[in-house]
Each structure stands twice: as structure tokens, then as C-alpha cells.
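Enquirer: Curious how this folds, go ahead:
(one chain, ligands or ions: 2)
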Amino acid sequence: MKITDHIKEAKGETLFSFEIIPPVKGHKIQELYDNIDPLMEFKPPFIDVTTSREEYVYIDRNGLLDKKLTRMRPGTVGICASIKHKYDVDTVPHVLCGGFTKEETEYVLVDCQYLGIDNVMALRGDAMREEKYFQPAEGGHEYAIGLVEQLNDLNCGNYLHDTMEGTNCADFCIGVAGYPEKHLEAPSLQSDLKRLKEKVDAGAHYIVTQMFFDNKKYFEFVDAAKAMGIDVPIIPGIKPIAVKRHLNLLPQVFRIDIPQDLIDAVDGCENNKAVRQVGIEWAIQQSKELKEAGVPVLHYYSMGKSDNIHAIASALF
Ligand SMILES: NC(=O)C1=CN([C@@H]2O[C@H](COP(=O)(O)OP(=O)(O)OC[C@H]3O[C@@H](n4cnc5c(N)ncnc54)[C@H](O)[C@@H]3O)[C@@H](O)[C@H]2O)C=CC1
Ligand SMILES: Nc1nc(=O)c2c([nH]1)NC[C@@H]1CN(c3ccc(C(=O)N[C@@H](CCC(=O)O)C(=O)O)cc3)CN21
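Expert: Ligands and ions are numbered 1, 2, ... in the order given. Reported below is the predicted structural model:
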């Protein structure tokens, strides 16, 4: 079922959802299930599964480094299919521009349609670790809007190079990312919002935001988006701080601000167990206010152990 239909069916009640990163290769899916199991009591209508970019490994050949590409994590669509069938829940694979040709993307989407995956998050993806700036794959999309257009074409029965008579058209519900504190490469929040409007005009059905720690940023973003004519649901993304290192890391990686009160609370912690608790409490306060404001979904960036997301959801759902 489409995310937008889940939202319509909820009739104004805030839904709970979360997002997982597939673990590095060499593990078993049971570990993922063990993290998902406790969260199912909060009845998420959907679970997102991220896609990670390819990475370089360097092999030492008698002093000369041989640079090879590898993928560190198992495939997103396979994991989506497993979770979908184990829990009878919708799963949302993240589809990236980075590292994929348009043909490879089409193949991924053909799998999604075949497997009954109705929603896809269309994202550009980050730059590779070695690269300063994002570089599209040769024959790949440069921006997320290209993916939205490709998805839309598929929804109209148009593959990249062919059409299929007598088969059903895809009918993907398309999610895109939005940035309450602007995307790190955007020259201004206003121009980033214009890009977001372009993605919605190209066919995106809903938006999931980057993490933020000050709800004011989200509320202002939603107002600005509405003023610009963006009328699709804007789902807030929440990341509970879990370790002290996040204070420096999250602003660096995601270019988001952390409120001084939260910094002070984390700084005052003796160990990371206490930091995890501070992160939980902050996220509960954020979530309560967002829920009262009537957000359609509270979407949590779970990323590994889910005990903190469980504690937050217990206070809200
Ligand atoms: N829910 C999630 O998983 C989220 C993921 N992300 C990640 O953030 C990264 C960025 O992805 P997206 O937002 O999907 O990328 P995007 O392609 O929509 O935008 C990327 C940047 O390019 C700019 N831009 C867009 N179209 C442009 C054009 N035609 N000309 C010049 N500039 C243009 C935007 O303002 C932005 O700064 C990805 O790594 C994505 O994975 C971010 C937030 C949420
Ligand atoms: N630019 C960007 N890229 C993403 O992949 C991404 C976003 N933004 N925002 C939305 C979600 C949230 N994501 C994430 C990914 C990692 C952590 C995280 O906390 N990761 C590590 C630290 C990161 C690192 O070591 O580089 C952690 O400690 O758990 C949080 C949210 C993935 N998604």
C-alpha cells in the first residue's frame, strides 16, 4: 500500500515508522529481525531500508596500491522483500543516483514492482568518501529529480528503451528528501526549497526530512514549503543522539545545528549510557510536540540497535 494511502487511512492520527541501514556484509538477517521485532508492537505501516554507495578498497601489491570497488552491505531490495513478507508491512527501498546507471536503476525498480514493493525513496546519494563533491555514475542521474522522472515514466509504462504490451504499469508512490536546515550544497534555503518544489512537480508524492533537533526548524520549513505551493505530506525524520561523538559528527556530516541545551545535557553526561538516555528524552520531547502539531508520521533514523527507538515510541504510541 502507498505511504500516502496509509496517511489518508490514519485520518489525522500520527503514524510511527523507522529506517534501517543493512549491516555490513557477513552477518545474517536474523540480527536485523532481532532489532525490528520489538518495534513491531507500535505497528509501523512502513519501514525504510537505506542503500549505501559502493566503496573503494586498496589492495597492496608489492608497495603499489590497487584500487578496487566493492559493496560493503547486502542489497536493499532483497532485505525489503524479506521484511515485507515476514512482518506483512510495507517496505521502502532507498534508490540512489550515485553509483548506478539508469539501466541498473530500472532493473532495481523492475524487481520492486515484481515483489509488490509500492513505495520508493528517490535520493541522489552522498559523495563517495574520497570525493569532495558528488559525481554521478556515467549514464546515471545527476540529481534526485532524474530518478523521480524515471519512476514517473515507469508509472506510465515507459521503460528506458522499451515498452511492454499486455503488462501492468508500475504505480510507485515516490518519496524524496527535504532539508529544514537546507542541503549542504545548496546556496540558500530558498533555492533548496525551489529544488524540492521541482521534485514534487516532477511527481514526488511525499517528503521525508533530514534529521533536526529543533522543531522550530521543521515548522518553519513546512510553512515555507506550503507558501511555495508544496502540498504533499512532509514527514519529520528524527535521530536520537546516542553517543557523545554525535555532537561533532552529525553537524559535520549532515550540516545540521544542535541546540545549546542539548549540547549542555550531553556534555554533562559521564558516559555514553547516559548520553543515550539524554538522546531518548530529547527525541521524546521533540516527538510529543510534533505529534501535537499533527504531523502525519514520526519517522525515526534507527541505524543499528533499536532499544532507544523502542523507548521513544513507548512514550508516544
Ligand atoms: N530519508 C533519507 O534517507 C534522506 C537522505 N538524504 C541524503 O541526502 C543526499 C542528497 O540527496 P537528495 O536530497 O535526494 O538530492 P537532490 O538531487 O534533490 O539535491 C542535492 C543537491 O543538489 C541541489 N540541486 C537539485 N537539483 C539541482 C539542479 N537541477 N541544479 C543544481 N542544483 C540542484 C539541491 O539543492 C541540493 O543541494 C543523499 O545522500 C541522500 O541519501 C537526505 C535526507 C534524507
Ligand atoms: N546526507 C545524508 N545521507 C544519508 O544517507 C542520510 C541522510 N543524509 N539523512 C537521512 C538519513 C539518516 N541517515 C543516517 C545515517 C547515519 C547516521 C549515523 O548516526 N551514523 C553513524 C555516524 C556516521 C559516520 O560514522 O559517518 C552513527 O554513529 O550511528 C544517522 C543517520 C541516512 N540518511
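
Enquirer: Most distant residue from the centre of the protein?
Expert: If you look at how far each residue of the chain sits from its centre, by CA atoms, centre = their mean, the farthest one is Asn62, at 41.3 Å.

Enquirer: Contacts only, for Lys194.
Expert: Met228 (CB atoms under 8 Å, 6 or more residues apart in numbering). Where C-beta positions appear, they are placed from N, C-alpha and C, glycine not excepted.

Enquirer: now swap in Asn272 and tell me
Expert: Asn272 is in contact with 242-244, counting by CB under 8 Å, 6+ apart.

Enquirer: Could you dump the residues you listed into JSON lines with neighbour count added?
Expert: Shown next, in JSON lines, are these (neighbours: other CB atoms under 10 Å):
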{"residue": "Ala242", "neighbour count": "18"}
{"residue": "Val243", "neighbour count": "15"}
{"residue": "Lys244", "neighbour count": "16"}
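
Enquirer: Those residues of the stretch 201-317 of the chain touching ligand 2, which are they?
Expert: Contacts of the stretch 201-317 of the chain with ligand 2, taken as CB under 6 Å from any ligand atom, map to 210, 237, 239, 249, 253-254, 301, 303.

Enquirer: how about the helices in the stretch 151-300 of the chain?
Expert: For the stretch 151-300 of the chain, the helices defined by DSSP state H, counting those that start in this stretch occupy 189-201, 215-227, 246-254, 260-267, 272-292.

Enquirer: any chance of the ones you listed in JSON lines, plus mean pLDDT and distance to Gly98?
Expert: Formatted as JSON lines, the helices of the stretch 151-300 of the chain follow (pLDDT from 0 to 100; distance: least, CB to CB, whole Å):
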{"stretch": "helix 189-201", "mean pLDDT": "98", "distance to Gly98": "16"}
{"stretch": "helix 215-227", "mean pLDDT": "98", "distance to Gly98": "25"}
{"stretch": "helix 246-254", "mean pLDDT": "96", "distance to Gly98": "15"}
{"stretch": "helix 260-267", "mean pLDDT": "98", "distance to Gly98": "31"}
{"stretch": "helix 272-292", "mean pLDDT": "98", "distance to Gly98": "29"}
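
Enquirer: TSV for those helices, including distance to Leu160?
Expert: TSV is the format used below for those (distance: least, CB to CB, whole Å):
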stretch	distance to Leu160
helix 189-201	20
helix 215-227	31
helix 246-254	32
helix 260-267	46
helix 272-292	39
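
Enquirer: got the contact list for the closest residue in space to Val24 that isn't next to it in sequence?
Expert: The spatial neighbour of Val24 that comes closest, neighbours along the chain excluded (CB to CB, 6 or more residues apart in numbering), is Met72 at 5.2 Å. By CB under 8 Å, 6+ apart, the contact list for Met72 reads 24-25, 52, 55.

Enquirer: Please indicate which of those has the highest neighbour count?
Expert: Ser52 (19 neighbours; other CB atoms under 10 Å).

Enquirer: ok, now which ones touch that residue?
Expert: Contact analysis of Ser52 by CB under 8 Å, 6+ apart lists 21-22, 71-73.

Enquirer: One more: Ala204?
Expert: Applying CB under 8 Å, 6+ apart, we find Ala204 in contact with 122, 148, 174-176, 232.

Enquirer: do the same with Glu19
Expert: Residues in contact with Glu19 (CB under 8 Å, 6+ apart) are 47-50, 237, 299-303.

Enquirer: Can you tell me who it pairs with across the strands?
Expert: Asp48, Tyr301 (DSSP bridges).

Enquirer: now it: how far from ligand 1?
Expert: Remark: distance between Glu19 and ligand 1 (CB to the nearest ligand atom, to the nearest Å) = 7 Å.

Enquirer: Can you pull the poorly scored residue ranges out of the stretch 51-200 of the chain?
Expert: Scanning the stretch 51-200 of the chain for pLDDT under 70 picks out no residues.

Enquirer: So which bits of it are right by ligand 1?
Expert: With CB under 6 Å from any ligand atom as the criterion, the stretch 51-200 of the chain meets ligand 1 at residues 94, 121, 123-126, 143-145, 177, 183, 185-186, 192, 195, 199.

Enquirer: filter these to the buried ones?
Expert: 94, 121, 123-125, 143-145, 177, 183, 186, 192, 195, 199 (16 or more other CB atoms under 10 Å).

Enquirer: So the closest residue to Val148 other than its chain neighbours versus Val95, what's the distance?
Expert: With sequence-adjacent residues excluded and distances taken as CB to CB, 6+ apart, Val148 is closest to Ala202, at 4.5 Å. As judged by CB to CB, to the nearest Å, Ala202 and Val95 stand 15 Å apart.

Enquirer: With Asp214 instead?
Expert: 30 Å.

Enquirer: In terms of neighbours, single out the busier of the two.
Expert: Neighbours were counted for Asp214 and for Val95 using other CB under 10 Å; Val95 has more, 26 against 17.

Enquirer: neighbouring strands for the helix or strand where that one lies, and are they parallel or not?
Expert: Using DSSP states H and E, the element containing Val95 is strand 90-96. Sheet pairing for strand 90-96, assigned by DSSP bridges, gives strand 46-49 (parallel), strand 119-123 (parallel).
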